[in-house]
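Asker: Return a 3D structure for these sequence lines:
(2 chains)
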Amino acid sequence: MPSAVIATDVVIARGHRIALDRSSFQIPTGKITAIIGPNGSGKSTILHAIAGLLPIDSGTISVLGGEPEKSQRSVSYVLQYAAVPAGTPLTVTEAVQMGRYSTLGAFRRPTRADREKVAAAMAHLEITDLAKRHLTELSGGQRQRVYVAQGIAQDHALLLLDEPLTGLDLNSAKTIDAIIHDEPNRGCSVVLTTHDLEEAKAADYVILTAGRVVACGTPDEVLTAVNLTNAYGLGALHVRDEAAALFPTEHHHGPDGHQHGPDGH
Amino acid sequence: MEWFLEPFALGFQQRALMGGALAGLMASVVGTWLVLRGMSFFGDAFVHGVVPGIAAAVVLDINPVIGAALAALFMVIAIEVVHRNTTLSEDTSIGLLFVGMLALGVMIISRLDSYAGSLTTILFGDALGITTVDLITQAILAIIIITATTLFYRPLLALSFNKEKAQIWGLAPNRAHAALLVLIAAAVIGSFQSVGTLLVFGLLVGPPAAAALISRTVPRMMVTSAVIALFSVWIGLTLSYHLGTAGSATMALTPIVIFFLVLAIKQLKPRAKDQVLVDA
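Answerer: Okay, the predicted model is just below:
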């Protein structure tokens, strides 16, 4: 099965800062991939690039077999709840219904099938009883459940989640975690960012980043003491020469089982 | 009853009411998106930014609507140029253009013999001087604005919710933003003759802000905002007649008073409903 995402020698700048230096990685189809790394290591940058929200400065990135911008309608991106202000007067149902916009566009009226998908998403996230609540009346965990419901109400083949469990109450975290692990059963690929090693270990595939992708493979292959020390102990590795000096001989497994060095080669 | 009917007995008074109502309708509907997107400072700067265009039109004896439209276009482009080519935040570029355009307008109008009178008319409007032609222009603009707001509801709602999500949903947030700027410009241009550039802002922000306090959805906020605006125009003109105050200023002040009244009532009410749910 082809990879959902194939990135080759990707460099991404945000303003005058290199947010992700030359990196290559693949994201397997129908699996859960966790991107882990310290703050400012490029985790959200990778998600934004996959979602087609951030242009890449060099290299290539293929998402679901095409350019990221052209694959956007098949990609659902759940932002951190704290990144979305709850000021817009929306009820929970309306917020989840917005997930259907990628299919409905600006003008088409929702059909019964659209309404059923919204109801199913709300039921999965256990927020049906909150349907008429205003977003500002919800706790952080409840809002995150609403945004995940919005994400899965959208027709998608690839689900991106930016730190979906960070700062949540146990009940919301459990509910969202169950949804994440159910997505591959529906044929969807999942990519999430996390700071939590346990969460990363529960994934099928892990990408470790520290200003550039320093390792990718199964959790056992990537979450080693040496890799974690390199990624977290040294901070972000923005300078290519420094990274090459730090990882002269280390190799990592790609999703296809091939060996990949720190820059993916 | 006579107290309410007397201010609108004459033709020019009725035209003032209709002109104010149309201005209120346009400004409050567009203003809903302005308030939701946190663009109030932009709105304030924008209504002042059209002053040099109107002033130049008065000096050159051409239609002020054309002058206002050109000034609005220049203002939007200049804000974008400053914002994209410097590390300054957008509010700094808005502030620069705000002061610059207002000063330029006052400079232009100061060359006129009737400097004080012309400036007052531009800034504070002349509700009682509205003509039938003005009303027709306003009505056309109001129809365009309300139709466009309805048509672009989803792109504008998505943009208010989150720009990145709007892009992923394929709802072209940059185009929606540009459309909103055009709608704001149309509302300002369609309103300044009745309430003046300075006081259009009152109708752009006051009614939507008051409506936001009591509305749970955007469509309801828009309708409530329009009702508050229409009420403000009517009660504002009525009060100005009986109190002998300036009509446009009284109209603009009314929604602000309503906002604080609604806020006070909300603060006094039991707050059980507003409590955040505790997770089960």
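
Asker: Tell me which stretches of the stretch 1-150 of chain A form helices.
Answerer: Using DSSP state H, counting those that start in this stretch, the helices of the stretch 1-150 of chain A run over residues A:43-50, A:92-97, A:101-104, A:112-124, A:140-153.

Asker: Go through stretch B:175-194 and flag the buried ones.
Answerer: Buried residues in stretch B:175-194, counting neighbours by 16 or more other CB atoms under 10 Å in any protein chain shown, are found at B:176-177, B:179-194. C-betas here are computed from N, CA, C, even on glycine.

Asker: rewinding a little: and of the helices of the stretch 1-150 of chain A, who's closest to B:F201?
Answerer: Nearest to B:F201, of all the helices of the stretch 1-150 of chain A, is helix A:92-97, at 29.1 Å by CB to CB.

Asker: Contacts made by the closest one with the rest, please.
Answerer: Contacts to helix A:92-97, defined as CB atoms under 8 Å, 6 or more residues apart in numbering or on different chains, come from residues A:110, A:114, A:118, A:121-122, A:127, A:130-133, A:135, A:138, A:146-147, A:149-150, A:153, B:161, B:217.

Asker: just the buried members of those?
Answerer: The neighbour count (16+ other CB under 10 Å) marks A:114, A:118, A:121-122, A:127, A:130, A:133, A:135, A:138, A:146-147, A:149-150, A:153, B:161 as buried among the contacts of helix A:92-97.

Asker: May I ask you to confirm that B:T149 is in contact with B:L157?
Answerer: No - B:T149 lies out of contact with B:L157 (CB atoms under 8 Å); the separation is 10.7 Å.

Asker: Any stretches of the chain with poor pLDDT?
Answerer: You didn't pick a chain, so chain A it is. A:1, A:82-84, A:86, A:234-265 (pLDDT under 70).

Asker: Switch to chain B, please.
Answerer: Low-confidence segments of chain B (pLDDT under 70): B:114-119, B:270-280.

Asker: Can you give me the distance of the nearest residue to B:P219 once chain neighbours are set aside to B:A185?
Answerer: Excluding its sequence neighbours, the residue lying closest to B:P219 (CB to CB, 6 or more residues apart in numbering or on different chains) is B:Y153, at 8.0 Å. According to CB to CB, to the nearest Å, B:Y153 and B:A185 sit 19 Å apart.

Asker: Kindly report the same for A:L130.
Answerer: Separation of A:L130 from B:A185 (CB to CB) stands at 39 Å.

Asker: swap in A:Q150?
Answerer: Taking CB to CB as the measure, A:Q150 falls 32 Å from B:A185.

Asker: go on, B:A71?
Answerer: 9 Å.

Asker: nearest residue to A:S44 other than its sequence neighbours?
Answerer: Of all residues not flanking A:S44 in the chain, A:D162 sits nearest, at 5.6 Å (CB to CB, 6+ apart).

Asker: before we move on, what about B:V76?
Answerer: Counting by CB to CB, 6+ apart, B:L181 is the residue found nearest to B:V76 once chain neighbours are left out, at 5.4 Å.

Asker: rewinding a little: spell out which residues are contacts of both of B:A71 and B:A185.
Answerer: By CB under 8 Å, 6+ apart, B:A71 and B:A185 have these common neighbours: B:V50.

Asker: what does the stretch 101-250 of chain B have sitting close to chain A?
Answerer: B:151-152, B:154-155, B:157-158, B:160-162, B:164-165, B:167-171, B:212, B:215-218, B:220-221 (CB under 8 Å from any CB of the partner chain).

Asker: Quick one: neighbours of B:S40, just the number.
Answerer: For B:S40, the neighbour count with other CB atoms under 10 Å in any protein chain shown is 16.

Asker: who are the neighbours in contact with it?
Answerer: B:L34, B:V205.

Asker: State the distance from it to B:A211.
Answerer: B:S40 is 14 Å from B:A211, by CB to CB.

Asker: now A:I61
Answerer: Counting by CB to CB, the gap from A:I61 to B:A211 is 44 Å.

Asker: Which one of the two is surrounded by more residues?
Answerer: Using other CB under 10 Å, the more surrounded residue of A:I61 and B:A211 is B:A211, with 28 against 20.

Asker: wait, isn't the more buried one in contact with B:T217?
Answerer: No - in this structure, B:A211 is not within contact of B:T217 by CB under 8 Å, at 10.9 Å.

Asker: just the strands in the chain please.
Answerer: Looking at chain A here, since you left the chain open. Assigned by DSSP state E, the strands in chain A fall at A:5-14, A:17-27, A:32-36, A:58-63, A:75-78, A:158-161, A:189-194, A:205-209, A:213-217, A:252-253, A:259-260.

Asker: Make JSON lines from those and add distance to A:G167 to it.
Answerer: Shown next, in JSON lines, are those (distance: least, CB to CB, whole Å):
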{"stretch": "strand A:5-14", "distance to A:G167": "24"}
{"stretch": "strand A:17-27", "distance to A:G167": "23"}
{"stretch": "strand A:32-36", "distance to A:G167": "17"}
{"stretch": "strand A:58-63", "distance to A:G167": "28"}
{"stretch": "strand A:75-78", "distance to A:G167": "14"}
{"stretch": "strand A:158-161", "distance to A:G167": "14"}
{"stretch": "strand A:189-194", "distance to A:G167": "12"}
{"stretch": "strand A:205-209", "distance to A:G167": "21"}
{"stretch": "strand A:213-217", "distance to A:G167": "26"}
{"stretch": "strand A:252-253", "distance to A:G167": "30"}
{"stretch": "strand A:259-260", "distance to A:G167": "33"}
